[in-house]
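# return atomic coordinates for the entry below.
(one chain, ligands or ions: 2)
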Amino acid sequence: MCEECYTPQRRATPLLKPTDCLKNHTQYICGTCGRCICIEHDPKNGLQRWNFPFKSSEIAKLYLRAADHTMKKPCGIYEIKAANGRVSYKIFASTADMQSFLQKNKDKKRGSTAPVFIMEEYVEYPHTQVRKLTADEIVKYMAER
Ligand SMILES: [Zn+2]
Ligand SMILES: [Zn+2]
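Numbers count the residues shown, from 1 in each chain. Ligands and ions are numbered 1, 2, ... in the order given. Below is the predicted model of the structure:
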């Protein structure tokens, strides 16, 4: 596992429309393994990819570093259960954030009381970059996937 971005899957992200994401969105570029994680703020609501629900905690983990870097602290992956029984995973900066999300979203019945995954501490790494890729870098990155 990459100690900086928490996964051994060095080119797993972006998951959806990878070329568009690399071209149009600011990326967290892991200084250790080179993996790009979308860290773009949606201009409409200020949210980033890591604020959205994920199908599994493994997928959420691919975005956890972007959350930790943004919040400058270890964020937690929480299991959220909807009233209809569907389970999803969301990253929150704290259990209090998770609870206020549940209060605002009444269709979500409950969340795990503790994160299903969280790093012990937040560590900064010296070679991290947060920027858009160049056209050449996009070609190279896509070829490595
Ligand atoms: Zn993106
Ligand atoms: Zn990495």
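
# following the helix or strand of the chain with the lowest mean pLDDT, which helix or strand comes up?
Using mean pLDDT, DSSP states H and E, strand 108-111 stands out as the lowest-scoring helix or strand of the chain, at a mean of 85. As assigned by DSSP states H and E, the chain's next helix or strand after strand 108-111 is strand 117-118.

# just checking: what are the partner strands of that next one?
strand 76-82 (antiparallel) (DSSP bridges).

# contact partners of the strand it pairs with?
53, 57, 60-61, 64, 87-95, 98, 101-102, 107-112, 114-118 (C-beta atoms under 8 Å, 6 or more residues apart in numbering). The C-beta positions use only the backbone N, C-alpha and C, and glycine is treated the same way.

# got the contact list for the residue most central in space within the chain?
Centrality entry for the chain: nearest residue to the mean C-alpha point is residue 63, 2.0 Å, by C-alpha atoms, centre = their mean. Contacts for residue 63 (C-beta under 8 Å, 6+ apart) come out as 13, 37-38, 49-50, 54, 91.
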